[in-house]
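Trainee: Structure for this input, please:
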Amino acid sequence: MSTSQYYVSREGKQLGPYPLNSIVEMVKKNELTMLDYLYDDKAGDWVLLMEHRELADQLKDHKPAKPPKAGEAAAPTPQTEVAANGKQPDGQPNHMVVEWYILKGENKFGPFSYTDVVKMLQNKVVFEFDFAWHPGMSTWVRVADLDPFKPDHIGKMKETLMPEISEVFFRRRHRRVRYGGTILVHDNKAVWKGKGVEISAGGAGVVMENSMVVPGQTLYLHFKPGDGVPPFNAICEVVSKQYVEGVKDKNAPIRYGLKFTSISPTTQKFLQEFAKRSEAA
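Mentor: The predicted structure follows:
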């Protein structure tokens, strides 16, 4: 077990440092949640507890009442069966009040509130190709195929100014603006084209017809001149993956979120100024 000490952050308050086994016990006692933060010296940044691999490994056996295995059906109960009008007796949509579980690979996490899952999608901890389930569903369903987690639905709920939704939308570190330039992408094995959707000083949103790229992967990009941006090169880390037209085959168009890990200071300064005078994405 690691002997390192870690600072944690809960509700804006910094605590610690604590050894990892103490943090595990705090999670088990509900003094911390998997959506609180831990400062990871290796990453040089705050990360969600759920993202810290060693901590997540130690909490594998700390499971709530289990949802079904992937592909396994579970009969709905009278308390959780979806109402015909899509709402609970108190008038709230079902997806706002049920407890959600997330399946990432073979690991299950939860329960989470709906807004917790939205926050994890924003933080790139949960991805559209992961699976979700709540009591009343017959089996696990890919997040991309669940209406409550589609961008349009989340956006509409944000516009209602419901406190539960509004509070999970946070100010991004870098302003994102619309960008439609052409990009050449390679991974040291193959080269393919991408089309820009948005750009910032910290990264870019790109649509590529290559569904085999995965979060965490490193890509090398050449941005061709266009849409007001001069040509530049960047090394990027894939941080999100969203199906544009549903889950199809390996050539299905995918929208990827890319974080710049290496970019020239001149280019970054240009993008900061470009974002100030361009239309927000």
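
Trainee: Sheet partners, orientation included, of the biggest strand by length in the chain?
Mentor: Longest strand of the chain, by residue count under DSSP state E: strand 232-243. In the sheet, strand 232-243 lines up against strand 218-223 (antiparallel), strand 254-262 (antiparallel) (DSSP bridges).

Trainee: worst average pLDDT in these?
Mentor: Ranked by mean pLDDT, the strands paired with strand 232-243 end with strand 254-262 at the bottom, a mean of 89.

Trainee: Can you point out the buried residues in it?
Mentor: Buried positions in strand 254-262, judged by neighbour count with 16 or more other CB atoms under 10 Å: Ile254, Arg255, Tyr256, Gly257, Leu258, Lys259, Phe260. (Glycine included, C-beta is placed from N, CA and C.)

Trainee: go on, stretch 214-226?
Mentor: Residues Leu219, Leu221, Phe223 are the ones in stretch 214-226 that count as buried (16+ other CB under 10 Å).

Trainee: Reformat those residues as CSV; add distance to Lys156.
Mentor: Shown next, in CSV, are the buried residues of stretch 214-226 (distance: CB to CB, whole Å):
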residue, distance to Lys156
Leu219, 32
Leu221, 33
Phe223, 33
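
Trainee: Please identify which of these is nearest to Phe127.
Mentor: Leu219 (16.3 Å; CB to CB).

Trainee: ok so, going back, would you mind giving the strands paired with strand 232-243 as a markdown table with distance to Gly203 added?
Mentor: As requested, these are exported to a markdown table (distance: least, CB to CB, whole Å):
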| stretch | distance to Gly203 |
| --- | --- |
| strand 218-223 | 10 |
| strand 254-262 | 4 |
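
Trainee: so which of these gets nearest Ile23?
Mentor: Between Ile23 and the strands paired with strand 232-243, the shortest gap by CB to CB is with strand 254-262, which sits at 26.0 Å.

Trainee: I'd like the mean pLDDT over the helix or strand following the closest one, please.
Mentor: Next in sequence after strand 254-262, counting helices and strands by DSSP states H and E, comes helix 265-276. The average pLDDT within helix 265-276 is 91.

Trainee: which strands and helices sit next to helix 265-276?
Mentor: Judged by 3 or more CB pairs under 8 Å, 6 or more residues apart in numbering; DSSP states H and E, the packing partners of helix 265-276 are strand 191-199.

Trainee: Stretch 135-155: how far from the chain's middle?
Mentor: 14 Å (CA atoms, centre = their mean, to the nearest Å).

Trainee: which parts of it are buried?
Mentor: Result for stretch 135-155 [16+ other CB under 10 Å]: buried residues Pro135, Gly136, Met137, Trp140, Arg142, Val143, Ala144, Leu146, Pro148, Phe149, Ile154.

Trainee: how close does Val214 sit to Val118?
Mentor: Relative to Val118, Val214 is positioned 22 Å away (CB to CB, to the nearest Å).
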